[in-house]
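# Any chance you could fold what I've pasted below:
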Amino acid sequence: MKVHFLGIGGSGASAAAAIAKAQGFKVSGCDKELKGHSPQHIKKIDILAVTPAIFSLDPQNPELLEAQKLGIPIMTWQEFMGKYLQKNKFVIAVAGTHGKTTTTAMIGKLLEDGGLDPTVELGAEVSKWKANFRIGQGKYFVCEADEYNDNFLNFKPDIAVVTNMEMDHPEYFKDFAAVKKSFAKFKSQSKKVIDKPNPKLINFPLQVPGNFNILNASLAYQVGLFLGIDKKIVEESLSTYQGIGRRFEYLGDFQRAKVYSDFGHHPTEIKVTMEAARQKFSGQCIWLIFEPHMFTRTYHLFNDFVKVFKNLPIDKIIITDIYQSREVDKGLINSRQLASAVNKKNTFYISKKELLKKLKNELEESDVVFFMGAGEIDKLARELLF
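Numbers count the residues shown, from 1 in each chain. Have a look, this model is predicted:
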């Protein structure tokens with residue numbers, strides 16, 4: 001079968017495409033930054049796998065319209081993964097508002113170290129694999145399970161791991177009750193659910209900082225024991241886990257200031273990551289450069305953002321322009337308003353155009369700077385360094 005991925009540049013879609021190719025599918029793909037979109041891409045394909053945002057953001061996409069005209073099956077890439085790539089596999093799906101990518105990577109490494117040779121799909125690069133996926137020959141398929149658009153309901157896991165639940169994705173969920181209802185359905189279609197780290201909180205040191213990673217590792221630990229992996233192998237695997245791309249990721253030094261990149265974009269993620277940073281860099285000047293992700297999230301969680309920023313145990317906070325992602329700016333909210341509402345001398349707005357100039361002028365030796373957000377902020381961090 002030939003499958004074409006519309007939006008193959010996305011982190012999850014690119015991993016699914018690579019796994020599909022390894023499983024024998026003929027794969028093609030495009031993205032607005034890669035090849036562009038054309039009805040010609042739809043010729044002689046059996047399935048069009050799309051990024052979910054296409055239906056709301058670009059319903060007149062020429063490839064989508066062409067596939068509809070030709071009667072070619074159209075499905076999200078998550079639906080394709082659940083229906084085809086996970087067929088006859090033992091599926092371990094990791095869901096949660098926070099920590100799902102890290103926990104997926106931990107479990108993938110754990111199964112690899114335990115000799116189970118898993119296939120893994122996740123939304124960040126694992127340095128050992130040099131990719132955001134792993135192709136395995138074993139029966140196990142470990143994947144990240146995203147609640148947005150009810151995407152995780154396309155999976156029927158043998159083991160569902162749920163790290164936590166909070167209100168997020170207000171562009172899709174009406175309220176927290178809707179989030180909980182979606183998670184409950186996900187759990188109900190799973191054979192086994194692991195969602196509480198207690199009473200098995202791990203008691204050995206990790207190489208990744210933060211109490212949240214102890215919770216993530218504790219869930220992965222339970223998965224390992226449930227699958228019958230030797231306890232010593234489980235502990236050794238988790239204690240040597242070194243993290244993934246854009247999760248408290250050290251990029252290098254700029255004028256002897258340490259530069260980190262982090263994917264955090266929810267108030268809770270900012271809070272726990274900066275608390276971990278303060279614990280790690282006690283006594284040093286810590287900067288946070290935050291790029292809000294999506295207008296709806298910034299608008300609906302505005303008070304939560306303000307409360308978190310007011311109480312962060314760090315020295316300087318710069319809030320830069322909102323990354324619109326799959327949305328259109330309706331003028332409801334902007335980053336100046338967020339910085340103004342925090343109303344602290346150490347918190348201010350700077351445009352992305354002016355940001356690097358300010359940092360180059362003001363960063364001092366031994367400072368630590370975190371570029372945080374789920375959009376393009378990582379590119380600015382690398383621009384500063386390279």
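# report the longest helix in the chain, please.
Ranked by number of residues, the top helix in the chain under DSSP state H is helix 211-226.
# Which residues does that helix contact?
By CB atoms under 8 Å, 6 or more residues apart in numbering, the residues outside helix 211-226 that reach it are 92, 98-99, 102-103, 106-107, 110-111, 114, 159, 161, 163-164, 192, 194-195, 197, 200-202, 206, 231, 233-235, 237-238, 241, 272, 276. Yep, even glycine has a C-beta here, placed from its N, CA and C like the rest.
# Sort out which residues of the next helix or strand after that helix are buried, please.
Once the chain leaves helix 211-226, the next helix or strand it forms, by DSSP states H and E, is helix 231-239. Neighbour counts over helix 231-239 (16 or more other CB atoms under 10 Å) mark 234, 235, 237, 238 as buried.
# Tell me if I'm right that the second one and residue 203 touch.
No. No contact is recorded between residue 235 and residue 203 when judged using CB atoms under 8 Å, the distance being 9.5 Å.
# Helices along the protein, start to end?
Secondary structure of the chain (DSSP H): helices located at 11-22, 54-57, 62-70, 77-80, 100-113, 176-188, 211-226, 231-239, 267-280, 295-300, 302-311, 335-342, 352-362, 377-385.
# got the angle between the fifth one and helix 231-239?
Right, helix 100-113. Interaxial angle, helix 100-113 versus helix 231-239 (axes from the mean of the first three to the mean of the last three CA atoms, to 10 degrees): 140 degrees.
# about what we covered before: reformat the helices of the chain as TSV; add mean pLDDT and distance to residue 86.
Shown next, in TSV, are the helices of the chain (pLDDT from 0 to 100; distance: least, CB to CB, whole Å):
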stretch	mean pLDDT	distance to residue 86
helix 11-22	96	10
helix 54-57	85	22
helix 62-70	95	23
helix 77-80	98	10
helix 100-113	98	14
helix 176-188	98	14
helix 211-226	97	17
helix 231-239	98	23
helix 267-280	98	28
helix 295-300	97	29
helix 302-311	98	35
helix 335-342	98	40
helix 352-362	96	39
helix 377-385	97	30
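# looking at those helices, which is buried most?
Stretch with highest mean neighbour count among the helices of the chain: helix 100-113 (a mean of 27; mean count of other CB atoms under 10 Å).
# Run the chain-centre distance for it.
Helix 100-113 has its C-alpha centroid displaced from the chain centroid by 14 Å (CA atoms, centre = their mean, to the nearest Å).
# Check stretch 296-309 too.
19 Å.
# Contacts for that stretch, please.
Outside of stretch 296-309, the residues within contact range by CB under 8 Å, 6+ apart are 167-171, 265-268, 270-271, 292, 317, 319, 322, 327, 332-333, 335, 338, 341-342, 344, 347.
# now do the same end-to-end measure for it.
In stretch 296-309, first residue to last residue: 18 Å (CA to CA, to the nearest Å).
# Spatially nearest residue to residue 133, not counting backbone neighbours?
residue 15 (3.8 Å; CB to CB, 6 or more residues apart in numbering).
# Nearest to residue 136, out of the helices of the chain?
Closest to residue 136 of those is helix 100-113 (CB to CB; 7.6 Å).
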